[in-house]
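In: below: sequence and its predicted model.
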Amino acid sequence: MKKLVLLALLSATGLYAQNNPNPGYWQQHVDYKMNVSMDVKTYRYTGKQELVYTNNSKDTLNRVFYHLYNNAFQPGSDMDARLKAIADPDRRMVKTFKTADKTTYESRISNLKPDEIGYLKVENLKQDGAATQNKLAGTILEVTLAKPLLPGQSTTLTMDFEGQVPVQIRRSGRNNAEGVALSMTQWYPKMAEYDFEGWHTNPYIAREFHGVWGNFDVNITIDKDYTIGGTGYLQNKNEIGKGYQDEGVEVKYPRKTKTLTWHFVAPNVHDFAWAADSNFAHDKIMGENNTELHFFYKNTPENQDGWKRLQPKTAEILSYYNKIVGKYPYKQYSVIQGGDGGMEYAMCTLITGHTYEGLVSVTAHEFGHSWFQHVLASNETEHGWMDEGFTTYIEDLAMHNLMPAKDKNEQEANPFAGSYANYFYMVKTGKEQPLSTQADRFDLNMLYSISSYSKGSIFLSQLGYLIGEDKLAETIKRYYADYKFTHPTPNDIKRTAEKVTGAQLGWYLTDWTETTNTIDYSLKADEDGDATKVTLERIGRMPMPIDIIAVYEDGTQETFYVPLRSMRYIKDNPYPSLKRTVLADWDWAYPTYNFTINKPKKAIKVLMIDPSELMADVNRDNNVYIAQ
């Protein structure tokens, strides 16, 4: 019966399909069964894991690899070493000491005591009943299989494991800053991803994740006073209660009951997370498409207003993202107080905060990851900008459209202005690294953050400048429809936009993500008899098509459009109420471009490049001519 329930969930959401349109695409598959027992006094847990691993590649596998993320929270770990070496460590993970002329940082991991560290220990690991050979290196367990796993074949891996929940330092841990007892993320031995690039065995140093699509069947036994929220559908809700039970059901536990076993099933996800506390309030509302929205938060006076007001706004956010990206495919989502700020997981997020505005902002971002990371599962370690950046883009749209503006200017402002400001700041530092930099390899946390969140967001908003806002909206929807439940790469979002428009965009993907080339154009206007000669100069290395608006002394306006030859495309008029002249195209090899306006210079009040400010020109001061 339980298997039939899982099959029904898979069928109802259409989750079986590997619908990636790329010829020859394949991805591995996992089916986890785990039974876990948590001791809430010692913060230690034991578990058994049965993993059916299916090799859909054309390669024979002699080894597999597991992530043991908890091992990062030990003195001397890779994560500890990185905190000590980087110039701007994550402030949540260090102690800060300031003197009159110096600020120094001390890694919190370095000072963890044996009963405060995190660890995952694996024992009795077998393949189809036969012992394997294992080698541990930090957060990666290398397993030499007892027998090779052939293409198209499945094998069953079993193990016993033991873990200790670390003092909360980053994402996971116990007793976080807001008093949540257990933030159980990256908590179990997790199979590493193997794809067309090979094995992804990055150690857990700071950044995010890349996982194998699969199904989870998880039993968690814990003290009966604790409430759990997290990934998956609770199968025994009318025995557990705690706000999960059906309406009208009264749940009573036998008098001698000390623990409860929670049974969760999660179909076609690539991670499983949960949080638990003995003082969790649990509210539930229904969102669009019969999606249950759950809210778990510390039942304290300071939380009541913000967390209650957050709930209907989360339903609005769900509806908005369904509209602009595509339908959320699962039937539940949980917003949980826990962790160290905000972090997305399958069917849930862990966030911190009390104020309404702050909770909405972080929820808009983390919920957005459900589309761009937990349905469109790009590799965050290699292409973090595809997840963080695209999520930031829809977050900014949601906040702009769903939260009331303070004034008319704010409502009319570019909703992505913050991302552009951050990007311009990074460029001015002279330290920018390409977006293609591996997430842990950025020289500074600042560079990773601005690159992935802000420059990644601009990839989309600036794409709207290139192809038109309507075509961008169509591109996002088609990208989601074509690549959900797979692992799209940068080329896939580029090709989707090309298919929607017919434009050539390889130059854009290359310049914006694989180089630090910048956009910088200037504009000059000179007398040319009874006409005006306009000279454009490309100062930056990155070419772009150019929109120009002309405002005349008589109050009339018109626009001019200079196509970029490399695009082989002319976008629709972004200012349909104004006359537009499409000029001859401009090849990137020519540093300057001239055209003529058939009006004397004295008749021109303003000439401006890109009035939308969606083109990330790093020096907008030279983009405008204003009559003196």
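Out: Arrived safely. Residues are numbered from 1 along each chain as shown.
In: and stretch 125-142, how far out from the chain middle?
Out: 31 Å (C-alpha atoms, centre = their mean, to the nearest Å).
In: do stretch 607-620 as well
Out: Worked out by C-alpha atoms, centre = their mean, stretch 607-620 lies 28 Å from the chain centre.
In: could you do stretch 33-49 as well?
Out: Put simply, stretch 33-49 sits 29 Å off its chain's centre (C-alpha atoms, centre = their mean).
In: kindly export that stretch (C-alpha atoms) in CSV.
Out: Extracted C-alpha coordinates of stretch 33-49, given in CSV (Å, rounded to 0.1, in the frame of the first residue of the first chain):
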residue,chain,number,x,y,z
LYS,A,33,14.9,4.4,2.6
MET,A,34,16.1,5.7,6.0
ASN,A,35,15.1,4.9,9.5
VAL,A,36,16.5,7.4,12.0
SER,A,37,16.4,7.8,15.7
MET,A,38,17.3,11.2,17.3
ASP,A,39,18.4,11.6,21.0
VAL,A,40,17.3,15.2,21.7
LYS,A,41,19.5,15.3,24.9
THR,A,42,22.8,14.4,23.3
TYR,A,43,22.1,15.7,19.8
ARG,A,44,23.2,12.4,18.4
TYR,A,45,21.3,10.2,16.0
THR,A,46,21.6,6.7,14.5
GLY,A,47,20.2,5.5,11.2
LYS,A,48,20.0,2.8,8.7
GLN,A,49,20.0,3.6,5.0
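In: sort out which residues of that stretch are buried, please.
Out: 33-36, 38, 40, 43, 45, 47, 49 (16 or more other C-beta atoms under 10 Å). To be clear about C-beta, it is placed using only N, CA and C from the backbone, and glycine gets the same treatment.
In: want to try TSV for those, with secondary structure, distance to residue 183 and pLDDT as columns?
Out: Below are the buried residues of stretch 33-49 laid out as TSV (DSSP: H, G, I helix; E, B strand; the rest coil; distance: C-beta to C-beta, whole Å; pLDDT from 0 to 100):
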residue	secondary structure	distance to residue 183	pLDDT
33	strand	23	98
34	strand	18	99
35	strand	21	98
36	strand	15	98
38	strand	13	98
40	coil	13	98
43	coil	11	98
45	strand	13	99
47	strand	17	98
49	strand	20	99
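In: dump the residues you listed to TSV, plus distance to residue 110.
Out: Formatted as TSV, those follow (distance: C-beta to C-beta, whole Å):
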residue	distance to residue 110
33	37
34	31
35	34
36	29
38	27
40	27
43	20
45	25
47	28
49	31
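In: hey, where'd the strands end up in the stretch 301-450 of the chain?
Out: Along the stretch 301-450 of the chain, counting by DSSP state E, counting those that start in this stretch, strands occupy 332-337, 342-345, 348-351.
In: looking at the ones you listed, which is closest to residue 158?
Out: strand 342-345 (24.8 Å; C-beta to C-beta).
In: any buried residues in stretch 480-489, and which?
Out: In stretch 480-489, the ones that count as buried by 16+ other C-beta under 10 Å are 480, 482-489.
In: could the C-alpha coordinates of stretch 316-326 be exported in PDB?
Out: Only the C-alpha atoms of stretch 316-326 are listed here, as PDB (Å, rounded to 0.1, in the frame of the first residue of the first chain):
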ATOM      1  CA  GLU A 316       0.300  35.200  -3.000                       C
ATOM      2  CA  ILE A 317       4.000  34.500  -3.800                       C
ATOM      3  CA  LEU A 318       3.100  30.900  -4.800                       C
ATOM      4  CA  SER A 319       0.400  32.100  -7.200                       C
ATOM      5  CA  TYR A 320       2.700  34.800  -8.600                       C
ATOM      6  CA  TYR A 321       5.600  32.400  -9.300                       C
ATOM      7  CA  ASN A 322       3.100  29.800 -10.800                       C
ATOM      8  CA  LYS A 323       2.100  32.600 -13.200                       C
ATOM      9  CA  ILE A 324       5.500  33.900 -14.300                       C
ATOM     10  CA  VAL A 325       7.600  30.700 -14.200                       C
ATOM     11  CA  GLY A 326       5.300  27.600 -14.200                       C
END
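In: let me know the pLDDT of residue 412.
Out: Looking at residue 412, its pLDDT stands at 73.
In: burial count for it?
Out: When counting by other C-beta atoms under 10 Å, one arrives at 9 neighbours for residue 412.
In: distance of it relative to residue 613?
Out: 12 Å (C-beta to C-beta, to the nearest Å).
In: quick one: end-to-end distance for stretch 180-191.
Out: End-to-end span of stretch 180-191 (C-alpha to C-alpha, to the nearest Å): 28 Å.
In: and that stretch, what's its mean pLDDT?
Out: 98.
In: what does stretch 371-389 give?
Out: Mean predicted lDDT for stretch 371-389 stands at 97.
In: so for that stretch, what gets flagged as buried?
Out: 371-389.
In: just give me how far that stretch sits from the chain centre.
Out: With C-alpha atoms, centre = their mean, you get 5 Å for stretch 371-389.
In: CA atoms only: put that stretch into PDB for me.
Out: Output in PDB follows, covering the C-alpha atoms of stretch 371-389 (Å, rounded to 0.1, in the frame of the first residue of the first chain):
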ATOM      1  CA  TRP A 371      11.500  26.600  -9.100                       C
ATOM      2  CA  PHE A 372      15.100  27.400  -9.900                       C
ATOM      3  CA  GLN A 373      16.900  24.900  -7.700                       C
ATOM      4  CA  HIS A 374      14.500  22.200  -6.600                       C
ATOM      5  CA  VAL A 375      12.700  21.800  -9.900                       C
ATOM      6  CA  LEU A 376      15.400  23.200 -12.200                       C
ATOM      7  CA  ALA A 377      18.300  21.700 -10.500                       C
ATOM      8  CA  SER A 378      21.300  23.400 -12.100                       C
ATOM      9  CA  ASN A 379      24.700  22.600 -10.600                       C
ATOM     10  CA  GLU A 380      25.100  25.300  -7.900                       C
ATOM     11  CA  THR A 381      28.800  24.600  -7.300                       C
ATOM     12  CA  GLU A 382      29.600  25.300 -11.000                       C
ATOM     13  CA  HIS A 383      26.800  27.700 -12.000                       C
ATOM     14  CA  GLY A 384      25.500  29.300  -8.800                       C
ATOM     15  CA  TRP A 385      24.300  32.300 -10.800                       C
ATOM     16  CA  MET A 386      21.700  30.200 -12.600                       C
ATOM     17  CA  ASP A 387      20.100  29.500  -9.300                       C
ATOM     18  CA  GLU A 388      20.800  32.500  -7.000                       C
ATOM     19  CA  GLY A 389      20.700  35.000  -9.800                       C
END
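In: excluding residues flanking it in the chain, which one is nearest residue 251?
Out: Of all residues not flanking residue 251 in the chain, residue 241 sits nearest, at 3.1 Å (C-beta to C-beta, 6 or more residues apart in numbering).
In: actually residue 222, not the one I wrote
Out: Of all residues not flanking residue 222 in the chain, residue 38 sits nearest, at 4.6 Å (C-beta to C-beta, 6+ apart).
In: ok, the one you found to residue 221 distance?
Out: From residue 38 over to residue 221 (counting by C-beta to C-beta), the distance is 7 Å.
In: swap in residue 390?
Out: From residue 390 over to residue 221 (counting by C-beta to C-beta), the distance is 38 Å.
In: who has more neighbours, those two?
Out: A count of neighbours by other C-beta under 10 Å puts residue 390 above the other of residue 390 and residue 221, at 25 against 17.
In: quick one, what contacts that one?
Out: Each residue near residue 390 by C-beta atoms under 8 Å, 6 or more residues apart in numbering is listed here: 372, 456-457, 459-460.
In: same question, residue 253
Out: Residue 253 touches 224, 260, counting by C-beta under 8 Å, 6+ apart.
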